[in-house]
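Trainee: Need the 3D shape of this:
(one chain, ligands or ions: 1)
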Amino acid sequence: MPADTYGQVVNSPVGRFVAKRTGLPRPVALERHSPGDPVIRGQVLLGAAPGAARLVEPLARVLHDAHAETATSLEGPVRSAAAAARLDAAVFNAAAPGDQRFKALVFDATGIADSTQLVALQGFFHPTIRRIETSGRVIVLGTPPRACATPREATAQRALEGFTRSLGKEVGRGAAVQLVEVAPGAEDQIDSTVRFLLSPRSAYVSGQVIRITASPLHPEVDWGRPLLGRVALVTGAARGIGAAIAEVLARDGARVVGLDVPALGEELRSTAERVGGEAMELDITAGDAPRAIAERFAPGGLDVLVHNAGVTRDRTLGKMPADRWSELMEINLSAEERINDALLDGGVLAENGRIVCVSSLSGIAGNAGQTNYATSKAGVIGMVEALEPVLRERGGTINAVAPGFIETRMTSEMPLALREAGRRMNSLRQGGLPVDVAETVAFFASPASAGVNGNVVRVCGQSLLGA
Ligand code: NAD
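Mentor: Sure, this is the predicted structure:
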């Protein structure tokens, strides 16, 4: 993996001094998850806007179950919700002097029913935001605007997105800020999302909106090994992001089948060996690939399908021959569609199965020289949106990760100036690691994420590109 030399130099004693004097960006070393770690180390402050805040109690329950050290703001409803959830919480009085610090600030904004009430955001975060620790977490929870009862409420809830995206850009020191929209009736589905966003598993995810919808499924999960007993297929698993996905899914308990082209057979076998899984040498664009994949698993025997294989074939459109376009489109999009059809029609994907796709920031923001790539990756998002109801019907889900600048072979081949710009033009001032993408894939793949369907989550450190 290419080294982030700038990041290392600027964090050395002399580099720190120079960066401070000259205003150069100084990326902090992000915390990352290791097996056995608690969900979060440090205190979580729980607060809520006045009004009918419907998530404080479910949140208090999640924090209790996750053994998170918690404090609550003074308001009566938050205190009583914590008590109802048997959450042993300290009290934070913003008016009292003190140097109390927080690892996370969690705010239930569902009670905001009108734009005049948005000031509750200022009320909660103004006295607390500068108390947040390095690699801290901010989570604001609201209602999807389309599910709101009145136009006024929908307007105010939509406004939350501007707040979280801006706060993500100003908070600094490796902290991440997200908005979680919880549909009415999905209050009992927030657990996996809140745990993911509180923990260092979401190190490189910031400025995102995750939507949670109702689901009748509430599987019991072992949070240490949520994928125990599950079978996962990861395409493009020989190296890079795919190899990291195979490792993280195996760490979480899955039996992993890694797939890649025969030319990378040796690297693929070494990934498979490392994760105690199996290797499947196959070109996904081959005519019989969908059938070969379907035959590899028993009916209902595949729980998680990760479409990670992908290529770039950059050229400006005026210089783009048809074969360069088509070869890429086949690998990045059309082959995935055929594989989905074979696995869904043949009943190979388990009833409550998961499909996780790998899109790209290029598919959201567009990129010069990548009309073919961006078309394919926007198509991946279209595929997620189109198949969401199909998977929902079966008790399953389909979601996508959209990586930004990730330190891999793909990005190490970029020209230096472009590479350095890619690394720094985001709120966290650094590139992500393949494991960051893999952790988000594992979050989608978890049986506990039954209410997380049709989402596209960017793993981009809140890149300045795109929305
Ligand atoms: P990579 O080139 O290291 O890995 C891609 C893997 O896909 C390779 O092992 C390759 O052999 C395999 N593959 C390609 N064509 C295949 C085929 N026809 N059949 C089977 N396997 C095939 O690249 P990476 O950076 O690890 O990218 C993984 C995914 O992430 C891709 O979909 C890519 O578009 C996406 N992505 C990467 C970045 C980044 O910054 N690296 C950013 C956004 C999106």
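
Trainee: Would you indicate which residues of stretch 383-400 are buried?
Mentor: Of the residues in stretch 383-400, those with enough neighbours to count as buried (16 or more other C-beta atoms under 10 Å) are 383-384, 387-388, 391-392, 396-400. C-betas here are computed from N, CA, C, even on glycine.

Trainee: closest to the ligand among those?
Mentor: Using C-beta to the nearest ligand atom, Ala400 is the member of those that lies nearest the ligand, at 10.4 Å.

Trainee: my read: that closest one touches Cys357, true?
Mentor: Yes: Ala400 is within contact range of Cys357, at 4.2 Å (criterion: C-beta atoms under 8 Å).

Trainee: Quickly list what's touching both of those two.
Mentor: 380, 384 (C-beta atoms under 8 Å, 6 or more residues apart in numbering).

Trainee: Dump the buried residues of stretch 383-400 to JSON lines, plus secondary structure, distance to the ligand and pLDDT.
Mentor: Compiled in JSON lines, those are given as follows (DSSP: H, G, I helix; E, B strand; the rest coil; distance: C-beta to the nearest ligand atom, whole Å; pLDDT from 0 to 100):
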{"residue": "Met383", "secondary structure": "helix", "distance to the ligand": "13", "pLDDT": "98"}
{"residue": "Val384", "secondary structure": "helix", "distance to the ligand": "14", "pLDDT": "98"}
{"residue": "Leu387", "secondary structure": "helix", "distance to the ligand": "18", "pLDDT": "98"}
{"residue": "Glu388", "secondary structure": "helix", "distance to the ligand": "20", "pLDDT": "98"}
{"residue": "Leu391", "secondary structure": "helix", "distance to the ligand": "20", "pLDDT": "98"}
{"residue": "Arg392", "secondary structure": "helix", "distance to the ligand": "25", "pLDDT": "97"}
{"residue": "Gly396", "secondary structure": "coil", "distance to the ligand": "21", "pLDDT": "98"}
{"residue": "Thr397", "secondary structure": "strand", "distance to the ligand": "19", "pLDDT": "98"}
{"residue": "Ile398", "secondary structure": "strand", "distance to the ligand": "16", "pLDDT": "98"}
{"residue": "Asn399", "secondary structure": "strand", "distance to the ligand": "15", "pLDDT": "98"}
{"residue": "Ala400", "secondary structure": "strand", "distance to the ligand": "10", "pLDDT": "98"}
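
Trainee: would you list these in a markdown table and tack on distance to Ala83?
Mentor: Written out in a markdown table, the entries for those read as follows (distance: C-beta to C-beta, whole Å):
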| residue | distance to Ala83 |
| --- | --- |
| Met383 | 46 |
| Val384 | 40 |
| Leu387 | 43 |
| Glu388 | 38 |
| Leu391 | 39 |
| Arg392 | 36 |
| Gly396 | 37 |
| Thr397 | 34 |
| Ile398 | 39 |
| Asn399 | 35 |
| Ala400 | 40 |
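
Trainee: Tell me where the stretch 301-450 of the chain has strands.
Mentor: 302-307, 349-358, 397-403 (DSSP state E, counting those that start in this stretch).

Trainee: Next one: Ile406 from Val457, what distance?
Mentor: Here the distance between Ile406 and Val457 works out to 14 Å (C-beta to C-beta, to the nearest Å).

Trainee: could you point out which element follows the helix or strand encompassing Ala243?
Mentor: Counting by DSSP states H and E, the element that carries Ala243 is helix 240-251. Beyond helix 240-251 on the C-terminal side, the first helix or strand identified by DSSP H and E is strand 255-260.

Trainee: And that following strand, what does it pack against?
Mentor: Strand 255-260 sits against strand 231-235, helix 240-251, helix 265-274, strand 278-281, with contacts defined as 3 or more C-beta pairs under 8 Å, 6 or more residues apart in numbering; DSSP states H and E.

Trainee: With just CA atoms, put that strand into CSV.
Mentor: These are the backbone C-alpha positions of strand 255-260, laid out as CSV (Å, rounded to 0.1, in the frame of the first residue of the first chain):
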residue,chain,number,x,y,z
ARG,A,255,-17.4,-18.5,5.8
VAL,A,256,-16.1,-16.6,2.8
VAL,A,257,-15.8,-17.7,-0.8
GLY,A,258,-13.5,-15.3,-2.6
LEU,A,259,-13.8,-15.0,-6.4
ASP,A,260,-11.3,-13.5,-8.8
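
Trainee: who does it pair up with?
Mentor: The pairing partners recorded for strand 255-260 under DSSP bridges are strand 231-235 (parallel), strand 278-281 (parallel).

Trainee: Can you give the distance of the first one from its chain's centre?
Mentor: Averaging C-alpha positions (C-alpha atoms, centre = their mean, to the nearest Å) puts strand 231-235 18 Å from its chain's average.

Trainee: pLDDT of it, averaged?
Mentor: Over the span of strand 231-235, the pLDDT mean works out to 98.

Trainee: what do you get for stretch 306-318?
Mentor: For stretch 306-318, the per-residue pLDDT values average out at 97.

Trainee: wait, does that stretch make contact with the ligand?
Mentor: Yes: on the criterion C-beta under 6 Å from any ligand atom, stretch 306-318 is in touch with the ligand at 308-311.

Trainee: Need the buried ones from these selected in ChimeraX.
Mentor: Here is the ChimeraX command that selects the buried residues among the residues of stretch 306-318 next to the ligand (16+ other C-beta under 10 Å):
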select :308,309,310
